[in-house]
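Participant: Test case, fold it:
(one chain, ligands or ions: 1)
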Amino acid sequence: MSFEHLDLASLAQWRDGEQPFVLLDIRDPLSFTQGRIPGSRHLDNASAGAILEETPRDTPLVVVCYHGHSSQQAAAWLAGQGFEKVYSLDGGFTQYQLTHGDDVESGS
Ligand SMILES: O=S(=O)([O-])[S-]
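Facilitator: Numbers count the residues shown, from 1 in each chain. All right, here's what the predicted structure looks like:
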């Protein structure tokens with residue numbers, strides 16, 4: 001079990017499509033509150049239990065971090081928890097914001 005990489009163009013297609021998936025943002029809570037990809041959930045030690053419990057293992061997960069590095073570790077971990085389709089967003093939120101700066105959600 002492992003994860004795959006997802007680029008921003010593919011993410012945009014997914015967001016326009018019908019297929020459900022879950023965006024999991026592992027950045028620090030303040031960064032998450034200040035700006036995130038709309039619809040993202042914050043994944044940290046506190047929320048991991050509930051997310052693992054309520055998410056069917058065949059739901060595709062897309063992990064987002066700052067630059068696309070630490071999301072790979074989180075994605076590998078999630079794959080190890082039995083999720084069948086796990087993706088790490090290449091470029092992370094930083095790249096997303098550069099190219100989709102007008103499509104960012106904020107607040108808690
Ligand atoms: O969050 S990061 O590991 O890409 S700097």
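Participant: Only C-alpha atoms from now on, for both contacts and neighbour counts.
Facilitator: Will do.
Participant: quick one, what contacts residue 87?
Facilitator: 3, 4, 5, 6, 60, 61, 62, 63, 75 (C-alpha atoms under 8 Å, 6 or more residues apart in numbering).
Participant: If we use 7 Å, what do you get?
Facilitator: Contacts for residue 87 (C-alpha atoms under 7 Å, 6 or more residues apart in numbering) come out as 3, 4, 5, 6, 61, 62, 63, 75.
Participant: and the fifth one, bridged to which residues?
Facilitator: With DSSP bridges applied, the residues forming beta bridges to residue 61 are residue 22, residue 86.
Participant: Pull the number of nearby residues for the nearest residue in space to residue 58 that is not next to it in sequence.
Facilitator: Closest residue in space to residue 58, ignoring its immediate chain neighbours: residue 84 at 5.5 Å, by C-alpha to C-alpha, 6 or more residues apart in numbering. As a burial measure, residue 84 scores 18 neighbours (other C-alpha atoms under 10 Å).
Participant: how about the strands of this structure, start to end?
Facilitator: All strands of the chain, identified by DSSP state E, fall at 4-6, 22-25, 41-42, 61-64, 86-89.
Participant: Which one, of those, ends up nearest to the ligand?
Facilitator: strand 61-64 (8.1 Å; C-alpha to the nearest ligand atom).
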